[in-house]
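Trainee: Let's see this in three dimensions:
(3 chains)
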Amino acid sequence: MTVNSYFLKIDTNKNFEIIDITSRINELIDVEEGIISIFSRHSTSAIVVNENESGLLRDMEFTLDNLIDDKYTYDHDRIDDNARSHLKSFLLSSSECLPIRNGRLDLGTWQSVFFIELDGPRHNRTISLTIIGE
Amino acid sequence: MTVNSYFLKIDTNKNFEIIDITSRINELIDVEEGIISIFSRHSTSAIVVNENESGLLRDMEFTLDNLIDDKYTYDHDRIDDNARSHLKSFLLSSSECLPIRNGRLDLGTWQSVFFIELDGPRHNRTISLTIIGE
Amino acid sequence: MTVNSYFLKIDTNKNFEIIDITSRINELIDVEEGIISIFSRHSTSAIVVNENESGLLRDMEFTLDNLIDDKYTYDHDRIDDNARSHLKSFLLSSSECLPIRNGRLDLGTWQSVFFIELDGPRHNRTISLTIIGE
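Mentor: As a prediction, the model looks like this:
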């Protein structure tokens, strides 16, 4: 049994952006069987698993904008004008812990792992990967 | 320390269904102390932990229907008529990573682990379980 | 590689309360590199990672109250008058699985780990911590 850690670095280009990181994660996996913690070190982003279909990705953006409505006044905006970005991250999550089998993420046919930028564009977003297995 | 993987197979009978999988998971646990990754290999389902009370399960269905409202048009429905199922899964999560103690899930008195079917009925839904511990 | 388990006990003082548990978790970490499962053994509470800024914490409370609206009637309230507390927990999550590096939680600069009380005040809320690493 081993534990290994990696950082994945990402530059984002838009305020809201969904980036498929599945293949970049698979390239780093160094065990046959185990689990991987995928954690974004930023509180205005999220890690999620879902289907990579362009219409659905637009629906995700619409859903978040709708649930965290810009018709309200948010207190955090007095400090830093990105309260809605934090609140979208709060509703989703900054991490996923996923299974590894046969040396790869054990995803279903229609699943991808996404990094969601909620307050871009940003340079050097960092995703922490920790792999435990054998 | 060992790592072991299992699949749990589930047939669902309704479009929306909440299934308590706590005892099926406990039967497979093969270590005294550790963690278990519980991951649904489908992006129109979810894994959650909460209380198994029939009124509350109906409230969960109502809440999801309310937050992902059918009064909107979703782009993914042009490809596959299940955008709202994906978006409910997106708001919840397809995984939980939970503690094991004394050879069982270390849940509180009022907690169960649920598989939530969001786009059923389906045959052979697969939940991937990965157990690390000793 | 070792596995170790701990309980963190918390008394809460208000119906809704966000408590930063980052330093209490760091004090218990006993490995250099690994992962930690942080799990609340209560289904009317949540574990989340975000920024510890007082305005943002008020925005989180507002967001949850807004999404789980008290204008509706909830079935679980016939049994126990806390349906909205359960549903807020359902939307967030009772657990996080996070990376450990250099003997500490590997968080970003603006991240803290929070226990969110959704149905307080309560005595002896229990958070289960399970650490695997070396």
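Trainee: so what's the residue nearest to the spatial centre of chain A up against?
Mentor: Nearest residue to the geometric centre of chain A (Cα atoms, centre = their mean): A:Ile47, 2.1 Å. Under the criterion of Cβ atoms under 8 Å, 6 or more residues apart in numbering or on different chains, the contact partners of A:Ile47 comprise A:38-40, A:92-96, A:113-116, A:127. All C-beta atoms are positioned from the backbone trio N, CA, C, and that covers glycine.
Trainee: Show residues contacting stretch A:48-57.
Mentor: With Cβ under 8 Å, 6+ apart, stretch A:48-57 has contacts from A:18, A:20, A:60, A:92-93, A:96, A:98, A:107, A:110-114, A:116, B:43, B:74-80, B:83, B:86, B:89-90, B:93-95.
Trainee: out of the residues you listed, which are buried?
Mentor: A:18, A:60, A:92-93, A:96, A:98, A:107, A:111-114, A:116, B:43, B:74-76, B:80, B:83, B:86, B:89-90, B:93-95 (16 or more other Cβ atoms under 10 Å in any protein chain shown).
Trainee: picking that back up, with the contacts of A:Ile47 in mind, which one is nearest to C:Glu134?
Mentor: Nearest to C:Glu134 among the contacts of A:Ile47 is A:Phe39, at 18.7 Å by Cβ to Cβ.
Trainee: Against which helices or strands is the host helix or strand of that closest one packed?
Mentor: Using DSSP states H and E, A:Phe39 sits within strand A:34-40. Applying 3 or more Cβ pairs under 8 Å, 6 or more residues apart in numbering or on different chains; DSSP states H and E, we find strand A:34-40 packed against strand A:45-50, strand A:95-101, strand A:125-133, strand B:125-133, strand C:95-101.
Trainee: Tabulate those (CSV), appending mean pLDDT.
Mentor: Converted to CSV, these look like this (pLDDT from 0 to 100):
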stretch, mean pLDDT
strand A:45-50, 98
strand A:95-101, 98
strand A:125-133, 98
strand B:125-133, 98
strand C:95-101, 98
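Trainee: In JSON lines: those, plus distance to B:Asn52.
Mentor: Shown next, in JSON lines, are the helices and strands packed on strand A:34-40 (distance: least, Cβ to Cβ, whole Å):
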{"stretch": "strand A:45-50", "distance to B:Asn52": "25"}
{"stretch": "strand A:95-101", "distance to B:Asn52": "23"}
{"stretch": "strand A:125-133", "distance to B:Asn52": "31"}
{"stretch": "strand B:125-133", "distance to B:Asn52": "17"}
{"stretch": "strand C:95-101", "distance to B:Asn52": "17"}
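Trainee: right, so of those, which gets closest to A:Val3?
Mentor: Here strand A:125-133 is closest among those (Cβ to Cβ), at 5.0 Å.
Trainee: What parts of chain A come near chain C?
Mentor: Contact residues, chain A versus chain C (Cβ under 8 Å from any Cβ of the partner chain): A:1-3, A:5, A:35, A:37, A:39-43, A:67-68, A:72, A:74-80, A:83, A:86-87, A:89-91, A:93-95, A:97, A:126, A:128-130, A:132.
Trainee: Repeat the analysis, applying 7 Å as the threshold.
Mentor: A:1, A:3, A:5, A:37, A:39, A:41-43, A:67-68, A:74-76, A:78-79, A:83, A:86-87, A:89-91, A:93-95, A:97, A:128, A:130, A:132 (Cβ under 7 Å from any Cβ of the partner chain).
Trainee: And the strands in chain A?
Mentor: Remark: strands assigned in chain A by DSSP state E are A:2-10, A:17-20, A:34-40, A:45-50, A:95-101, A:104-105, A:112-117, A:125-133.
Trainee: Among the ones you listed, show me which one is buried the most.
Mentor: strand A:34-40 (a mean of 26; mean count of other Cβ atoms under 10 Å in any protein chain shown).
Trainee: Could you tell me the angle between it and strand A:45-50?
Mentor: Per axes from the mean of the first three to the mean of the last three Cα atoms, to 10 degrees, the angle that strand A:34-40 makes with strand A:45-50 is 140 degrees.
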